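1. coords please:
(2 chains)
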Amino acid sequence: MNTQNGTSVPAIAIRGVTKRFGGFTAVDNVDISVPQGSFLVLVGPSGCGKSTLLRMLAGLETPSEGEFVFMGRTVSDGTRGLVADAGARDAGLVFQSYALWPHMTVAGNIEWPLKVAKWSKADRAARVDEVLGLLGISALKERYPAEISGGQQQRVAIARTIGPKPSILLFDEPLSNLDAKLRIEMRSELMRIHRATGATSVYVTHDQVEAMTMASHVAVLNNGRVEQFGAPLDLLENPRTTFVATFLGTPPANLIEVTRSGDGLVYEGLRLADARRAEAQEGLQLLYPAHGLAVGDVPGRPAITARFEEAAPIAGRTMVTAFSGGKRLTAMADGYFRAASGDTIRLSFLSEPSAVFAMTGERID
Amino acid sequence: MSAAATSVLSRRGFLRSETLVPIILILVVGILVIAPLVKIVLSTLTVEGLDAWQAVLASKMSENLWWRPLWNTILLGIGVAAGCILMGGFLAWLVVLTDVPAPKTLGLLATLPFMIPSFAAALAWGALFRNSRLGGSVGFFEANGYIVPDWLAWGLLPTLIVLIAHYYSLAFTVISAALSSVGADLVEAAQVAGAKRSRIFFGIILPVVTPALIAAASLTFAGAVSNFAAPALLGLPVRMQTLSTRLFGMIETGQTERGFVIALLLIIVSASFLWLGERLVAGRKSYVTVTGKGGRTKRFPLGKWRWPLFTVAVLMCALTTFLPAVILTASSFALQNGSLFSNWTTHFWIGEGGTDMAQGQAGIFRNPVLIEALWMTLKLAVTVAFTTMALGLALAHTIARNKGSVLATVLGQVSFTPILIPSIAFAAAYIALFGAPIGPLPSLYGTFLLLVLAASAHLLPYAVQSGRSVLGQISADIEESARLTGAGFFRRMGAIIMPLAIRGLLAGALLVFVKIVRDLSLVVLLFTSTSPVLSMLAYRYAAEGFMQFANAITMVILVLCVVATLLAHRLQNRVQKWKSA
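-> Numbering: from 1, shown residues only, chains lettered A, B, ... in the order given. Modelled structure (predicted):
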């Protein structure tokens, strides 16, 4: 377990977990563990198995193989077919749909799980008021879920989940139903809640921006497997596969397919890098972040011709998308750049490639 | 791993509630549905049973026992299916796809005939068309000097008309649901492509609703072949037999094995047509999902035909719902059958016994047998409504949450089996199983319990279906979020599922109530003098010629059914308070 620091037990340890539905493997031999208080984000495209992994963490599904250990307690054991009841795992889940009970008021929704956990009446009332205050929704106490807005429902769902003080909080794409502005607001709100409760959080999303801004640990999933696991910046700077390299980062990084020619790596006759960075392979892919590509010729740097597609202004600069050899490239231009779709523009490579990948996707240098 | 570490784990084994509940349910539906069917098959494989097979299928009697009833049954089935498709289809088209006035009211009217007993229309027919062939009092027309020919008074044609008047509303329900799924964009796309109205109808709308037409045809066919009341009241007096009246006659006269054989043959006839319909539809179901999103339907302007067609539709509904009700009411007050609207008396309702009227019998509300039957009917209907809805909800829930597992598939198929079995044949199977003591258990024949068991089993497919539609409105997330709090199965049911489902369940229960109150073909075999029910009393009175009593009791049943139906309608449409925003 690479993140286990020896002195304390990991809050969550996922050990060799596989989940099969019939012949289909949704989650394939996943090994991850995080210390207490961390914010683990599971990120990946739809169908990558991240929600299944979360549902197994919640105890709603049993793993086919492997085990889940929370604070040193085994809560699911796939090989022996054992699973702790969802309620006995000390974990709470915020659903993507919020899953508020429509026939209970806001206060009722928050109180019911405490009733099930046999809290005393006075304790329940105090806790309900406390979490309502924490989420800033005390005024909605007596309303029904259908009478409040989507953002408010989201807050109620979170309040309900943190009510019984679980030591693990699970989130299933909780922000995907909110509009863009509210999403950013709730993002910081969630971070605040995470810090206030001191719980260990696991957060599932397909939005890499959420992953980058919120996580202490990120696991990038693809086809049921963990492509890479680590700190967000580490993943951004040292992607181990082309999948991770292109999935993370805004704007997206560029992959240029090159061939070996003499001692150089060449793209359309243009030498981009030294061949010594790669082993004896013929075809390779070079990674350039968007800010490594500039619009226009730069003296002393290699440049290519591309067909302009679109421009989007970002923070005083312009993100330019263009096509070269059928591939989409993203470059940055200073100031506001304008061109007509289909115009020919020049793109310069400002630096050496930040990484070199084999054609199969794994990192070489 | 320490001992404490394993203590929070529970074994995913045999006795978790997740597997325990389905196993209990399998046992229940096994006893309710499978056991009687197995038993009736076994009963016909004994020495007497094999003799009965021979007598029915290959003897001098088989012409009378099997071939002629079969011919009549199939003729009725095909005629009813065709008539219902035409009538129900016409009304569905008018209500859903045209700008006919008051479509909602028309839609409600078109569903009413199915909610009143089929023998109501049969009795009303008799009150109008009964002729002097059988002696006794004649109907309205003959009493007023018209000669009613036999073919109009008795036999195939009246039975056919009465059954169509009853079952067309079933066809209407199925076809109008399918027509509503033909989205406006589908029709508009054809219009933009330049298609004319008839081209759109035959090229787009008809192919899309073909599966529904086939489904409606096979459902009404199955309904007609298993109906007992109409052929018994209008056909038996002139010896027109169908398989269900034959089956009744055999068991009534103690020829039990022959009755069982005919019951099995009736099941085969009905099930094979349903199966055929299912096969024809099977490959085409995918059409429905393609058009799934069209919330809006395109209404065609009828132009100058708007009011004439509206009048036709209103007449259809009035002739099949209000006219029978009016005739039955009038007849229950009429001193003589033929003079419906003169010399009214309340004797048949509240008259005292011992007079020279009605051979000294008292009016129905002074007749202790009737009062007992009324309570028995209500008790039966309420009990069955609750048992089936509870069972239906548990089954639908288990099937949905275990989707894909063998358990769920078996449960689903077994609980839908009764749909293939005509109710009178189902009753025969219950006699086969429970008619004699089983080991230490006494015979259940003639007990209230047997009626409850048979009726619950018969209505199981309906209950599971309404359980499903109720649960369909409650997302799995809602229940999972309750499960995560640690709440057990029964607590989740009680605190989350039930409060959300209660209105839908009550509406479903009311409709089960209606189905029981108006049923005759199931109880006609299971009924004894210790467990009288209203529909059976009405049938007895009609068979003995006391038409006024029969009609008065039928009116009581009709009112019960209509009130319950309207109540269910209100419950389904009323907004729940947490949805008020």
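2. okay, which residue is most central for chain B?
-> B:Lys515 (6.0 Å; C-alpha atoms, centre = their mean).
3. Does that one lie in a helix or a strand, and which?
-> Assigned by DSSP states H and E, B:Lys515 belongs to helix B:498-517.
4. Make sure A:Val83 is indeed in a strand.
-> Yes: applying DSSP: H, G, I helix; E, B strand; the rest coil, one finds A:Val83 inside a strand.
5. Checking whatever residue of chain B ends up closest to chain A next. Helix, strand or coil?
-> Of all residues in chain B, B:Gly486 sits closest to chain A, at 1.8 Å by C-beta to the nearest C-beta. C-beta here means a position set from N, CA and C on the backbone, and glycine is covered the same way. For B:Gly486, the assignment made with three-state DSSP gives coil.
6. tell me the phi and psi of it?
-> phi 100, psi 0 (degrees, to the nearest 10).
7. Can you list the helices and strands that the helix or strand hosting A:Thr246 packs against?
-> Assigned by DSSP H and E, A:Thr246 falls within helix A:242-247. Secondary-structure packing of helix A:242-247 (3 or more C-beta pairs under 8 Å, 6 or more residues apart in numbering or on different chains; DSSP states H and E): strand A:217-222, strand A:225-230, strand A:254-261, strand A:283-288, strand A:355-358.
8. Contacts for it, please.
-> Residues outside helix A:242-247 that contact it (C-beta atoms under 8 Å, 6 or more residues apart in numbering or on different chains) are A:43-45, A:208, A:220, A:222, A:227-228, A:235, A:239, A:252-253, A:255, A:285, A:287, A:355, A:357, A:361.
9. mind running it again at 6 Å?
-> Contacting residues not belonging to helix A:242-247 are listed as A:220, A:222, A:227-228, A:239, A:252-253, A:255, A:287, A:357, A:361 [C-beta atoms under 6 Å, 6 or more residues apart in numbering or on different chains].
10. which of those has the most neighbours?
-> Within these, neighbour counts (other C-beta atoms under 10 Å in any protein chain shown) peak at A:Val220, which reaches 27 neighbours.
11. For chain B, see how far away that residue is.
-> Computed as C-beta to the nearest C-beta, to the nearest Å, the A:Val220 to chain B distance reads 26 Å.
12. Identify the bridge partners of that residue.
-> Applying DSSP bridges to A:Val220 gives these bridge partners: A:Val43, A:Gln228.
13. Run a quick neighbour tally on whatever residue of the stretch 201-350 of chain A ends up closest to chain B.
-> In the stretch 201-350 of chain A, the residue that lies nearest chain B is A:Val202 (13.7 Å; C-beta to the nearest C-beta). Counted with other C-beta under 10 Å, residues neighbouring A:Val202 total 29.
14. swap in the one 4 residues further on?
-> Other residues lying near A:His206 total 18 when counted by other C-beta under 10 Å.
15. The residue of chain B closest to chain A reaches A:Lys118, doesn't it?
-> No: B:Gly486 lies out of contact with A:Lys118 (C-beta atoms under 6 Å); the separation is 9.6 Å.
16. which stretches of the chain have low pLDDT?
-> Assuming you mean chain A. In the predicted model, chain A carries pLDDT under 70 at residues A:1-7, A:86-87.
17. The intended chain is chain B.
-> B:1-19, B:183, B:282-296, B:337-339, B:353-360, B:529-531, B:572-581.
18. Tell me the helices and strands packed up against the longest helix along chain A.
-> The longest helix of chain A (DSSP state H) is helix A:180-197. Contact analysis of helix A:180-197 by 3 or more C-beta pairs under 6 Å, 6 or more residues apart in numbering or on different chains; DSSP states H and E lists no helix or strand as a packing neighbour.
19. Show me what the next helix-or-strand element following it is packed up against.
-> For helix A:180-197, the following helix or strand on the C-terminal side (DSSP H and E) is strand A:200-205. Secondary-structure packing of strand A:200-205 (3+ C-beta pairs under 6 Å, 6+ apart): strand A:39-43, helix A:50-58, strand A:168-172.
20. at 8 Å instead, please
-> Packed next to strand A:200-205, using 3+ C-beta pairs under 8 Å, 6+ apart, are strand A:39-43, helix A:50-58, strand A:168-172, helix A:208-214.
21. CA-only coordinates of the second one, as CSV, when you get a sec.
-> Spelled out, it's helix A:50-58. Coordinates of each C-alpha in helix A:50-58 appear next as CSV, following Å, rounded to 0.1, in the frame of the first residue of the first chain:
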residue,chain,number,x,y,z
LYS,A,50,-16.5,4.4,-10.9
SER,A,51,-20.1,4.3,-9.8
THR,A,52,-20.0,0.6,-9.3
LEU,A,53,-16.9,1.0,-7.1
LEU,A,54,-18.8,3.6,-5.1
ARG,A,55,-21.8,1.4,-4.7
MET,A,56,-19.5,-1.4,-3.4
LEU,A,57,-18.0,1.1,-0.9
ALA,A,58,-21.5,1.9,0.3
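22. what does it rub up against?
-> By C-beta under 8 Å, 6+ apart, helix A:50-58 touches A:12, A:14, A:17, A:19, A:26-27, A:30, A:42-44, A:61-63, A:68, A:76, A:86, A:89, A:91, A:93, A:168, A:170, A:172-173, A:202, A:204, A:206, A:221, B:484.
23. which residues does the residue lying closest to A:Glu142 once chain neighbours are set aside contact?
-> The shortest distance from A:Glu142 to any non-neighbouring residue, by C-beta to C-beta, 6 or more residues apart in numbering or on different chains, is to A:Thr105 (5.3 Å). Contact analysis of A:Thr105 by C-beta under 8 Å, 6+ apart lists A:141-144.
24. and A:Thr105, how far is that from B:Ala271?
-> 50 Å (C-beta to C-beta, to the nearest Å).
25. Near chain B, which residues of chain A are found?
-> A:58-60, A:62, A:72-77, A:81-89, A:91-93, A:95-97, A:99-103, A:112-113, A:116-117, A:144-147, A:160, A:164 (C-beta under 8 Å from any C-beta of the partner chain).
26. how near is A:Phe24 to A:Thr52?
-> Counting by C-beta to C-beta, the gap from A:Phe24 to A:Thr52 is 10 Å.
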